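Chemist: this one's structure only:
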């Protein structure tokens with residue numbers, strides 16, 4: 001249960017970074033919602049990896065490179081699912097605000113992330 005709570009905190013942190021960077025890029029740059037979201041996801045993924053590695057799951061028994069590769073594999077797959085849902089929502093519902101699409105897409109991909117990180121990245125040998 002402790003891991004699930006910490007994973008929720010990491011996810012909340014990642015969500016705040018994702019949403020804040022997306023909002024800032026949309027407001028301060030000419031980037032559209034699709035390019036801005038790629039940047040926001042990348043920064044959020046880096047932050048959640050650091051948090052999860054330090055506080056949620058502890059370091060894995062694998063080397064930093066192997067752990068980073070595994071985390072990146074799960075994170076990129078989860079990010080692709082998240083981004084595909086985000087893009088589909090924006091295309092299907094053009095009046096939908098990008099931050100609302102982010103909320104729905106993130107909630108839907110959260111379960112995949114926890115399973116992947118806990119079973120593939122940070123599990124013991």
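Modeler: Cool, got the structure. All figures in this text were calculated on a predicted structure; none of them were measured in a lab.
Chemist: Pull out the buried positions in the lengthiest helix in the chain.
Modeler: Scanning the chain for the helix with the most residues, using DSSP state H, yields helix 64-92. If you call a residue buried by 16 or more other CB atoms under 10 Å, then helix 64-92 has these buried ones: 67-68, 70-71, 74-75, 78-79, 82-83, 85-86, 89-90. (Each C-beta comes from the backbone N, C-alpha and C, glycine too.)
Chemist: nearest to residue 116, of those residues?
Modeler: residue 74 (3.6 Å; CB to CB).
Chemist: who touches the closest one in this structure?
Modeler: 113, 116-117, 120-121 (CB atoms under 8 Å, 6 or more residues apart in numbering).
Chemist: same check, this time on residue 22
Modeler: Residue 22 neighbours (CB under 8 Å, 6+ apart): 33, 36-37, 40, 98-99, 102.
Chemist: Could you provide those in TSV, with additional columns for neighbour count and distance to residue 26?
Modeler: Converted to TSV, the contacts of residue 22 look like this (neighbours: other CB atoms under 10 Å; distance: CB to CB, whole Å):
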residue	neighbour count	distance to residue 26
33	19	6
36	21	5
37	26	9
40	24	9
98	21	6
99	14	9
102	25	11
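Chemist: C-terminal to the helix or strand residue 14 falls within, what's the next element?
Modeler: Assigned by DSSP states H and E, residue 14 belongs to helix 2-28. The element immediately downstream of helix 2-28 (helix or strand, assigned by DSSP H and E) is helix 33-51.
Chemist: Which positions in that next one come out as buried?
Modeler: 33, 36-37, 39-41, 44-45, 48-49, 51.
Chemist: from those residues, which is closest to residue 6?
Modeler: residue 51 (8.1 Å).
Chemist: how close does residue 79 get to residue 85?
Modeler: For residue 79, the distance to residue 85 equals 11 Å [CB to CB, to the nearest Å].
Chemist: Mutual contacts of these two, please.
Modeler: Counting by CB under 8 Å, 6+ apart, the common neighbours of residue 79 and residue 85 are residue 109.
Chemist: Fine by me, we can end here.
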